[in-house]
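Peer 1: give me a model of this one.
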Amino acid sequence: MPTVVLGYVPKPEGEAALAASIAEARLRQADLVVVNSFRSHHGDDEADERLRAELEDVRARVEEAGVVVDVRHPETGLEAAEDLLAIAEEVAAELVVIGLRRRTPVGKLILGSNAQRILLDSSCPVLAVKTE
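Peer 2: Numbering: from 1, shown residues only. Next up, the predicted model:
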């Protein structure tokens, strides 16, 4: 089964990427693997619970769209880009979707390090989505 991999963060850029990844998965008749590499908030049970609830909401929204979903929250200690690329390789993804946040004119000279790494090192096409 074809697979789309989404790098998800609970921010506007993550929401834009989620919408795009659902559309791509439906278009390609693919499964969707949602990868969230936010690090655990060691000792902050309330923050960890909020993250779990957000990821469950993402799962429900994807399922509601009729797409088979696997939500992963790796706690490998690796950088977010490394987690995402490893999972994309593991599932033989045909597309990776990431969100980009708006940047100042100076900030546009430098892409975020995770986004840059994913764009340069992915073995499959990457769809970079910006917020509205």
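Peer 1: what's the offset of the worst-scoring helix or strand of the chain on mean pLDDT from the middle of its chain?
Peer 2: Scoring the helices and strands of the chain by mean pLDDT, DSSP states H and E places helix 113-121 at the bottom, with a mean of 89. When distances are taken as CA atoms, centre = their mean, to the nearest Å, helix 113-121 is centred 13 Å away from the chain's centroid.
Peer 1: can you name every helix or strand that that helix contacts?
Peer 2: With contacts taken as 3 or more CB pairs under 8 Å, 6 or more residues apart in numbering; DSSP states H and E, helix 113-121 sits against helix 80-90, strand 95-100, strand 126-130. For the C-beta atoms, the positions are set from N, CA and C on the backbone; glycine is no exception.
Peer 1: mind listing what's buried along that helix?
Peer 2: By neighbour count on 16 or more other CB atoms under 10 Å, the buried set for helix 113-121 is 114-115, 117-118.
Peer 1: swap in stretch 84-101?
Peer 2: Within stretch 84-101, the residues scored as buried using 16+ other CB under 10 Å are 84-85, 87-88, 91, 93, 95-100.
Peer 1: need the pLDDT of the closest residue to Glu132 other than its chain neighbours.
Peer 2: Nearest non-adjacent residue to Glu132, counting by CB to CB, 6 or more residues apart in numbering: Ala16, 7.0 Å away. Turning to Ala16, the model gives it a pLDDT of 96.
Peer 1: after the strand or helix carrying Ala16, next one along is what?
Peer 2: Secondary structure assigned from DSSP states H and E places Ala16 in helix 12-28. Later in the chain than helix 12-28, the nearest helix or strand by DSSP H and E is strand 31-35.
Peer 1: tell me the angle the helix or strand following that following strand makes with helix 12-28.
Peer 2: Later in the chain than strand 31-35, the nearest helix or strand by DSSP H and E is helix 45-64. Calculated by axes from the mean of the first three to the mean of the last three CA atoms, to 10 degrees, helix 45-64 forms an angle of 30 degrees with helix 12-28.
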